[in-house]
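S.K.: with the sequence up front, the predicted model follows.
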Amino acid sequence: MFASKGGIVKRTFRTLLLFVAPCLALSACAAGSQLHVPGDLTRPPGAVAPALGAPQAVVADFTYAAAPDGVIGRDFDRVRPIVWKGDPGKAMADLVAGVLKENGIATIRRGAEAQVADAVPVTISGVVRRFEVNARRSGTLEVATEAKISVTVTANGPGLPGPSEQTVTSSTSLPDVFVTPDDIHEALASTANAVAEEAARKLIEGGVFPAPPSAPGAGSGK
């Protein structure tokens, strides 16, 4: 005997429910949770060895108005905040100092409140004005992870005619089927390094430091 039409529909519905229910449960669990960004922001592998010799600059921690609980963005597709436990102000200062070293300019790092060594001719400070990463669905089967970072870097020193201020902004967008912590980290790291490289280039080309004749250009670690 042939199965009735109603029976076929019921069996199809039960089969579909067995597949859909776990997906709905996972989606419900994801909503309201947090997406944590792993690791720190570092220079890419293969960067040039740091410069040696007397320090030419002190790079202080940049200031940053942190959001509560380390939230730096949102995964709009899963309705959850994106959280990074790092310090954007310290991370961006580390990267700028690293790029300057790669360009032959010996630097030392210090906290924002530490005293400046008198023998160091240039002090570099900064403000992280924007540091965020968000994930949004951009199509039926694609989610875009976009990081945006904006930093103002200021150089002061007795040999300079006055403070030299540069603002650099960059963004990176990565498409994928769904957002992952590694996607978030890759977008942030790429954007942060691009900002640090451009800030160092502007400082050198702006005459804050004499360009070393044998130094590679900023971003040589790419």
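M.R.: Yes, it's here.
S.K.: regarding this protein, what is its longest strand?
M.R.: Taking DSSP state E as the criterion, the chain has its longest strand at strand 122-139.
S.K.: helices or strands next to that one in the packing?
M.R.: strand 57-60, strand 71-75, strand 80-83, helix 88-102, strand 142-156, strand 164-176, helix 181-205 (3 or more CB pairs under 8 Å, 6 or more residues apart in numbering; DSSP states H and E). C-beta: built from backbone N, CA, C; applies to glycine.
S.K.: what do you get if the cut-off is 10 Å, keeping everything else the same?
M.R.: strand 57-60, strand 71-75, strand 80-83, helix 88-102, strand 107-110, strand 142-156, strand 164-176, helix 181-205 (3 or more CB pairs under 10 Å, 6 or more residues apart in numbering; DSSP states H and E).
S.K.: list the buried residues of the second one.
M.R.: Right, strand 71-75. 72-75 (16 or more other CB atoms under 10 Å).
S.K.: now do the longest one
M.R.: Applying a neighbour-count criterion of 16+ other CB under 10 Å, the buried positions in helix 181-205 are 183-185, 187-204.
S.K.: can you state the direction angle for it and strand 164-176?
M.R.: Angle of helix 181-205 versus strand 164-176, following axes from the mean of the first three to the mean of the last three CA atoms, to 10 degrees, is 150 degrees.
S.K.: how about the contacts made by the residue nearest the centre of the chain?
M.R.: In the chain, the C-alpha closest to the average C-alpha coordinate belongs to L188, at a distance of 2.7 Å (CA atoms, centre = their mean). Going by CB atoms under 10 Å, 6 or more residues apart in numbering, L188 touches 37, 39, 41, 72-73, 82, 84, 86, 88, 91, 131-133, 145, 147-149, 172.
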